[in-house]
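Engineer: Have a look; sequence and predicted model below, questions after that.
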Amino acid sequence: MPVMEPVRFVSDRAMDNLRYIRETMERATPFTGISGRGEMTIGGTALIASVIAARQPSFKLWVYTWLAEGLISSLIAGWSMDRKARATQTSLFSGSGRKALYSLAPSLIAGGLLTLVLARAGAFAAIPGMWLLLYGTGVITGGMFSVRAVPAMGICFMALGALALFSPTAWTNWFMAVGFGGLHLLFGAIIVRKYGG
């Protein structure tokens, strides 16, 4: 006579299988928590920051203006992504969301540390190109777990950063306005149109 498995054991195995399927699907699903409207708002505040930064009497104050914009942008990004996640009833920290965050963070941390080093060395002129380049790098790596528009935006940031590193210092504010302002507006609009919110 065949031995029957206990009902509890079969139920546990079924739950394990369902958990495995759910985790596999989360890993395979692109992170769609990036808010296009949030990106467009960031672009708008960056354009305002570029006007304010252009009026600063020293490059040091120019850098501080853009650092303040970076903080404002981070808050807008976090708030808008949280809002989109609540509206779609998804988790920001799902498998792909967590991977996107962990992929973006190292570039941002490196950018922060290099900003301190370059500022202490008085090499302010190298900071804008470095910011654009490292932000683009982080967006590309984080965007590998997101929708197609995100890594494309990262490539554009990297190209601008490379140009800014080898261009006259007088052009740096234009590169920042085009990058953090224009690219966020453009790709934010693409995300809204193609992927919602």
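Structural biologist: That came in fine, so what should we check first? Just so you know, these numbers come straight off a predicted model, no measurement behind them. Numbering: from 1, shown residues only.
Engineer: Please identify the helix or strand for the residue nearest in space to the middle of the chain.
Structural biologist: The C-alpha lying nearest the average C-alpha coordinate of the chain belongs to V139 (C-alpha atoms, centre = their mean; 5.1 Å). Per DSSP states H and E: V139 is located in helix 127-143.
Engineer: That helix packs against which elements?
Structural biologist: With contacts taken as 3 or more C-beta pairs under 8 Å, 6 or more residues apart in numbering; DSSP states H and E, helix 127-143 sits against helix 59-88, helix 95-120, helix 149-165, helix 172-176. In this view, the C-beta of every residue, glycine as well, is placed from N, C-alpha and C.
Engineer: Select, out of the ones you listed, the one closest to Y195.
Structural biologist: helix 149-165 (7.5 Å; C-beta to C-beta).
Engineer: if we can go back for a sec, the residue nearest to the centre of the chain - nearest residue in space that isn't next to it in sequence?
Structural biologist: Spatial nearest neighbour of V139, excluding adjacent residues (C-beta to C-beta, 6 or more residues apart in numbering): G154 at 3.3 Å.
Engineer: Could you measure from that neighbour over to R55?
Structural biologist: Counting by C-beta to C-beta, to the nearest Å, the gap from G154 to R55 is 30 Å.
Engineer: Enumerate every residue touching the closest residue to L108 other than its chain neighbours.
Structural biologist: Spatial nearest neighbour of L108, excluding adjacent residues (C-beta to C-beta, 6+ apart): G138 at 5.8 Å. The contact partners of G138, taken as C-beta atoms under 8 Å, 6 or more residues apart in numbering, are 103-108, 111, 154.
Engineer: now, which of those residues sits nearest M40?
Structural biologist: G154 (17.2 Å).
Engineer: if we can go back for a sec, and the angle from the helix holding V139 to helix 59-88?
Structural biologist: Relative orientation of helix 127-143 versus helix 59-88 (axes from the mean of the first three to the mean of the last three C-alpha atoms, to 10 degrees): 20 degrees.
Engineer: Start the count at 56 instead of 1 going forward.
Structural biologist: Understood, numbering begins at 56; the last thing we discussed is helix 182-198.
Engineer: Now do helix 182-198: distance to the chain's middle.
Structural biologist: Offset of helix 182-198 from its chain centre (C-alpha atoms, centre = their mean, to the nearest Å): 9 Å.
Engineer: Distance from the chain centre to stretch 240-252, please.
Structural biologist: Stretch 240-252 has its average C-alpha position 14 Å from the chain's average C-alpha position, going by C-alpha atoms, centre = their mean.
Engineer: if we can go back for a sec, my guess is the residue nearest to V194 meets G198, correct?
Structural biologist: Yes. Counting by C-beta atoms under 8 Å, G209 does reach G198; the two are 5.4 Å apart.
Engineer: what touches both of those two?
Structural biologist: Counting by C-beta under 8 Å, 6+ apart, G209 and G198 have no contacts in common.
Engineer: before we move on, the earlier item: compare neighbour counts for G209 and R110 and give me the winner.
Structural biologist: G209 (24 against 10; other C-beta atoms under 10 Å).
Engineer: Next up, the contacts around that one.
Structural biologist: Contacts of G209 (C-beta under 8 Å, 6+ apart): 190-198.
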